[in-house]
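A.B. asks: predicted model and sequence below, questions to follow.
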Amino acid sequence: MKTLERERLRLSRKKRIKLKIQKQKSRPRLTVFRSTKHIYAQIVDDNEGKTLVSSSSLSKGFKEQMKTGGNTKAAALVGSLIGEQAAAQGIKEVCCDRNGFHYSGRIKALADAVREKGIKF
């Protein structure tokens with residue numbers, strides 16, 4: 001029962017965040033999802049409905065450097081990978097969609113790594 005309540009609260013936070021992000025259509029959206037074992041991130045252009053850049057703890061570049069994907073080091077690596085890919089495509093600004101997750105731990109590590117690559121939030 002505790003897990004269902006946490007999921008319900010996360011989904012209600014997700015709705016609130018989504019309303020704020022939809023107002024910023026001029027910038028692409030960096031959306032993040034985390035599970036217990038992996039973390040996924042992608043940059044989406046909502047105007048065209050296309051994914052511009054994606055990376056996760058299951059991607060090829062990640063697996064060459066780390067084995068596990070459920071910790072903050074893994075999240076930072078995924079963030080740096082997606083930041084490099086975004087910079088290569090000329091993306092300079094994004095808005096962060098944390099998908100209802102609290103901005104701490106792995107989500108914060110990923111966002112900080114993206115910022116280090118020169119992407120502004």
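C.D. replies: Arrived safely.

A.B. asks: and Gln42, which helix or strand is it part of?
C.D. replies: strand 39-45 (DSSP states H and E).

A.B. asks: beyond that strand, next helix or strand please.
C.D. replies: With DSSP H and E, the next secondary element past strand 39-45 is strand 50-56.

A.B. asks: pull the contacting residues for Tyr103.
C.D. replies: Applying C-beta atoms under 8 Å, 6 or more residues apart in numbering to Tyr103 gives the contacts Ala111. Any C-beta I mention is one placed from the backbone N, CA and C, and that applies to glycine too.

A.B. asks: next one: phi and psi at it?
C.D. replies: phi -80, psi 80 (degrees, to the nearest 10).

A.B. asks: let's check: the centremost residue of this protein is which one?
C.D. replies: Nearest to the mean C-alpha position of the chain, counting by C-alpha atoms, centre = their mean, stands Val32 at 2.7 Å.

A.B. asks: gap between that residue and Leu4?
C.D. replies: According to C-beta to C-beta, to the nearest Å, Val32 and Leu4 sit 22 Å apart.

A.B. asks: what is the strand or helix carrying Val114 packed up against?
C.D. replies: Take DSSP H and E as the rule and Val114 turns out to sit in helix 106-116. Packed against helix 106-116 by the contact rule (3 or more C-beta pairs under 8 Å, 6 or more residues apart in numbering; DSSP states H and E) you find strand 29-34, strand 39-45, helix 72-88.

A.B. asks: distance between stretch 11-27 and the chain's centre?
C.D. replies: 14 Å (C-alpha atoms, centre = their mean, to the nearest Å).

A.B. asks: equivalent analysis for stretch 47-59, please.
C.D. replies: For stretch 47-59, the distance to the chain centre is 10 Å (C-alpha atoms, centre = their mean).
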